[in-house]
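Q: Prediction below, plus the sequence it came from.
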Amino acid sequence: MEEILVVDDEWDLAEVLIYLLQGEGYGTQYAPNGEAALRLLSQRRIALVLTDYMMPVMNGCELLQQMRRRKHLAEIPVIVVSALPEEVVREKCAPVKGFLRKPFTASRLMQVVEASFPH
């Protein structure tokens, strides 16, 4: 089972994401910010990171940058979730694998997740 790390400081949204992902058969882990996510990534095998863009402590772009600096994390695909326009997020968070605009539907979430896994 593929493990997806959900990183979001808003538990209500993270809970919805986790529920939807588990409903599709994915395993999930949770971190409230980028710093906690990095600690978890060093302890578990994660196939995909789904992170909010704006968070305290370490935001989604900072998390992506830190992951790219670590050889063992550099290849993990990252999807950034934000209410901001995709162009803005992609410019600030290159190289992001996927983008999910808030608000989103369950089908759009799964479409972006499935497209982000290496084939």
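A: Ah, there it is.

Q: how near is residue 21 to residue 114?
A: Using CB to CB, to the nearest Å, residue 21 is found at 11 Å from residue 114. Every C-beta, even on glycine, is put in place using the N, C-alpha and C of the backbone.

Q: Which one's more surrounded, those two?
A: Higher neighbour count among residue 21 and residue 114: residue 21, with 22 against 12, using other CB atoms under 10 Å.

Q: any idea which helix or strand comes after the lowest-mean-pLDDT helix or strand in the chain?
A: Ranked by mean pLDDT, DSSP states H and E, the helix or strand of the chain with the weakest confidence is helix 86-92, at a mean of 91. Scanning forward in sequence from helix 86-92 by DSSP states H and E, the next helix or strand is strand 98-101.

Q: Show the average pLDDT along that following strand.
A: The pLDDT scores in strand 98-101 average 95.

Q: got the buried residues for it?
A: If you call a residue buried by 16 or more other CB atoms under 10 Å, then strand 98-101 has these buried ones: 98, 99, 100.

Q: tell me what that strand is packed against?
A: When contacts are defined as 3 or more CB pairs under 8 Å, 6 or more residues apart in numbering; DSSP states H and E, strand 98-101 sits against strand 78-82, helix 86-92, helix 106-116.

Q: List the buried residues for the last one?
A: The one in question is helix 106-116. 109, 112, 113, 116.

Q: and those as CSV, adding pLDDT and distance to residue 41?
A: Output for those, formatted as CSV (pLDDT from 0 to 100; distance: CB to CB, whole Å):
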residue, pLDDT, distance to residue 41
109, 97, 21
112, 96, 20
113, 96, 18
116, 91, 16
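
Q: Going by distance to residue 67, which of these wins?
A: For the buried residues of helix 106-116, the residue nearest residue 67 by CB to CB is residue 116; the value is 13.9 Å.

Q: any idea how far the closest one lies from residue 49?
A: 9 Å.

Q: For the residue lying closest to residue 83 once chain neighbours are set aside, which residues are in contact?
A: Residue nearest to residue 83 in three dimensions, not counting chain neighbours: residue 102, with 4.3 Å by CB to CB, 6 or more residues apart in numbering. Neighbouring residues of residue 102 by CB atoms under 8 Å, 6 or more residues apart in numbering: 81, 82, 83.

Q: Fine by me, thanks again.
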